[in-house]
Every structure is written in structure tokens, then in C-alpha cells.
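>>> Below are the sequence and a predicted model for it; my questions follow.
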Amino acid sequence: MIERAEGSPDMGDVDAVTRAVLTASRVLVGVSARSLAAVEDKVTLPQFRLLVVLSVHGATNLSTVAELLGVNPSTAMRMIDRLTGAGLTDRQANPDNRRETLIQLTEDGRRIVDEVTTRRREEIAAIVGRMDPAQGEALVDALTAFTEAAGEPAVPPAGHDAYPLGWTDIPGPATSV
């Protein structure tokens, strides 16, 4: 049995819950991979992670980008160089500290994040739309509890201009897609 806090419901066998989450994660990884497929000729998965970080955090210095991605600054710089060369990010002097450079998304970079997020949201909505409404409500409760336990920020409603798709608040290399 799962150890539980006083007053919390018994979730049953931790192995059964783990298997269910692993199975669902395969579905979500597939959705993520398909949402990125249309832009894979423009950006790699690690580069897309960087674009997401910039979409969430706005103009950011190199050391912060590297920290948020869980990579060395030299690795982040190589990614930024490629994305800047592709017109997806740009650099500007920090108005508060002229010795510091800030990296930000260009319109094309934001468009890629928007396109991938829209495709991901549409595919997940189609899957959820095939569920019984009561199961959908239970899924919201379960996934909310799961993400809160993991310390992951909630994704904003459709149309919001920030996209916390993971990778931004957890130190170390992330494996989310």
C-alpha cells in the first residue's frame, strides 16, 4: 500500500499507480513528438526547450538560460548562436547593465513555440474529448495532484502567452518532450 498522509485517500498499490502513469506518459510523449515533428527541420528538441524557457521568462542572460536548462553556459551559448543564426532568438545589451547581453525570442521564435503548443493542446483536447465527462473531471483532479507533488507549474489557459511546458523550474537536465 502507498504511504499516505492522514485523511488522504488510499490509492492502492503504488505499482499499479506507477504503471498507469508510465502508460499515460507514453501517450504524452507521443503527443509531444508529433507536435514537434512539423518544426524538426528548424529546431532540435534541446533548442525548442531553450525557446520555451525564453517564452516563459522573457529576455534572459546567458547564465540564467543555462541554469534553467540545466546545461553549462558554453552549451547554452552554442544553442543560442544557432538559434540566433536561424533568426529565432536575438541578443541585445541589457539596458540596466551594458556589459550584460540578454537573449530573447524573435517573432519567428515565438511563432514556433505557439505552433507547437497549439498542436499539442489540440491533440490532447481530442483525446480528452473522447473520455466520459466524469472521467475527465477525475483526470483533472489526479493530474493536478500529480503535478503539484512534482512541483511543476500549471499550464495557463488557451490563449495565454506563457508556455510552461516543463524544463523551466526543475534544476538539472530535463527529459520532458
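Done, it's in.

>>> okay, residue 68: pLDDT?
pLDDT for residue 68: 92.

>>> now swap in residue 175 and tell me
Looking at residue 175, the pLDDT reads 37.

>>> now do residue 147
Residue 147 is given a pLDDT of 88.

>>> who's in contact with it?
residue 154 (Cβ atoms under 8 Å, 6 or more residues apart in numbering). Any C-beta I mention is one placed from the backbone N, CA and C, and that applies to glycine too.

>>> any idea how far it lies from residue 72?
28 Å (Cβ to Cβ, to the nearest Å).

>>> Ok, residue 41 next?
In terms of Cβ to Cβ, residue 41 sits 27 Å off from residue 72.

>>> Please say which of these two ends up with more neighbours.
residue 72 (10 against 6; other Cβ atoms under 10 Å).

>>> Correct me if wrong: that one contacts residue 65.
No: Residue 72 lies out of contact with residue 65 (Cβ atoms under 8 Å); the separation is 11.1 Å.

>>> how far away is residue 51 from residue 36?
Per Cβ to Cβ, residue 51 is found 11 Å from residue 36.

>>> of the two, who's got more company?
residue 51 (25 against 20).

>>> May I have the strand or helix carrying that one as PDB, with CA atoms only?
According to DSSP states H and E, residue 51 maps onto helix 45-57. Backbone C-alpha positions of helix 45-57 (Å, rounded to 0.1, in the frame of the first residue of the first chain) are rendered in PDB as follows:
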ATOM      1  CA  LEU A  45      14.400  19.300 -29.100                       C
ATOM      2  CA  PRO A  46      17.100  20.900 -26.900                       C
ATOM      3  CA  GLN A  47      16.800  24.100 -28.900                       C
ATOM      4  CA  PHE A  48      13.000  24.000 -28.500                       C
ATOM      5  CA  ARG A  49      13.500  23.700 -24.800                       C
ATOM      6  CA  LEU A  50      15.500  26.900 -24.900                       C
ATOM      7  CA  LEU A  51      12.800  28.700 -26.900                       C
ATOM      8  CA  VAL A  52      10.200  27.600 -24.300                       C
ATOM      9  CA  VAL A  53      12.400  29.000 -21.500                       C
ATOM     10  CA  LEU A  54      12.600  32.300 -23.200                       C
ATOM     11  CA  SER A  55       8.900  32.300 -23.900                       C
ATOM     12  CA  VAL A  56       8.200  31.800 -20.200                       C
ATOM     13  CA  HIS A  57      11.000  34.000 -18.700                       C
END
